[in-house]
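Q: Just the structure for this:
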Amino acid sequence: MATTNDLKNGMVLKLDGGQLWSVVEFQHVKPGKGGAFVRTKLKNVLSGKVVDKTFNAGTKVETATVDRRAMQFSYKDGTDFVFMDTQTYEQLPIDPKTVGEAANFLLEGFDATVAIYEGTPLFVELPASVELTIEYTEPGVQGDRSTGGTKPAKLETGYEIGVPLFITTGEKIKVDTRSGEYLGRVNS
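A: From the prediction side, this is the model:
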């Protein structure tokens with residue numbers, strides 16, 4: 001048990017009859033009139049649905065003990081993604097629904113954090129950005145350097161993102177794993 005004063009981003013709460021909700025953001029509000037309250041944005045761990053919920057300050061909320069383990073993506077086995085615990089070398093198959101959007105940026109050997117609750121993987125968290133190679137993109141035309149346009153590019157994972165016109169096939173780029181946006185070139 002914790003109170004709403006103890007909330008932190010990433011904390012997992014057990015609400016509404018045992019459903020798990022992750023705190024995306026929270027804000028303590030003390031209006032001039034009336035009692036203080038805490039405004040939160042919560043994400044359902046299993047469905048991914050995001051809701052806004054307001055609690056009175058000091059309200060007790062049940063927290064879920066979620067084990068966050070450093071793991072490394074090993075390989076794909078059929079549809080499952082197999083991760084290896086970097087401490088115990090234990091293999092853990094995780095279904096694609098649990099891996100979610102992270103699958104767009106996963107390559108063998110990439111590190112990730114896997115959240116596990118009572119033996120069940122809840123979600124896979126990647127670092128904020130990853131470095132990937134452009135598998136294919138249309139060649140840029142001379143003079144495209146100064147315009148702010150973008151073109152589609154297929155990454156080595158098979159995922160397609162928009163990149164600046166000057167990027168070429170075979171270049172290594174940095175990609176934001178939360179938004180799927182191009183962040184910049186990687187200098188070799």
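Q: Spatially central residue in this structure, please.
A: Among the residues of the chain, the smallest C-alpha distance to the mean C-alpha position (Cα atoms, centre = their mean) belongs to Glu125, namely 4.5 Å.
Q: Which residues does that residue form beta bridges with?
A: Per DSSP bridges, residues listed as beta-bridge partners of Glu125: Thr113.
Q: Likewise for Thr63?
A: For Thr63, the beta-bridge assignment (DSSP bridges) gives partners Leu13.
Q: Is it correct that it is in contact with Val12?
A: Yes. The pair formed by Thr63 and Val12 meets the contact definition of Cβ atoms under 8 Å, at 6.8 Å. (Glycine included, C-beta is placed from N, CA and C.)
Q: does the residue of the chain positioned farthest from its centre sit in a helix, a strand or a coil?
A: Within the chain, the residue lying farthest from the chain centre (Cα atoms, centre = their mean) is Lys33, at 38.4 Å. At Lys33, secondary structure determined by DSSP: H, G, I helix; E, B strand; the rest coil is coil.
Q: measure it to Asn5 for me?
A: Applying Cβ to Cβ, to the nearest Å, the value for Lys33 to Asn5 is 21 Å.
Q: Surely Glu171 is in contact with Tyr182?
A: No. Taking Cβ under 8 Å as the definition, Glu171 is not a contact partner of Tyr182, at 10.8 Å.
Q: residue ranges for the helices of this protein, please.
A: 96-99 (DSSP state H).
Q: which residue sits closest to Pro93 in space, ignoring its chain neighbours?
A: Once its chain neighbours are removed from consideration, Pro93 has its nearest residue in Asp80; the separation is 4.1 Å (Cβ to Cβ, 6 or more residues apart in numbering).
Q: The one you found and Thr98, how far apart?
A: Noted for Asp80: a distance of 10 Å to Thr98, by Cβ to Cβ.
Q: between those two, who's got more neighbours?
A: Between Asp80 and Thr98, Thr98 has the larger neighbour count (other Cβ atoms under 10 Å), namely 19 against 15.
Q: Beta-bridge partners for the nearest residue to the more buried one once chain neighbours are set aside, please?
A: Among residues not flanking Thr98 along the chain, Pro121 sits closest, at 5.2 Å (Cβ to Cβ, 6+ apart). When bridges are called by DSSP bridges, Pro121 pairs up with Ile116.
Q: contacting residues around Pro121?
A: Listed by Cβ atoms under 8 Å, 6 or more residues apart in numbering, the contact partners of Pro121 are 92, 94, 98, 114-115.
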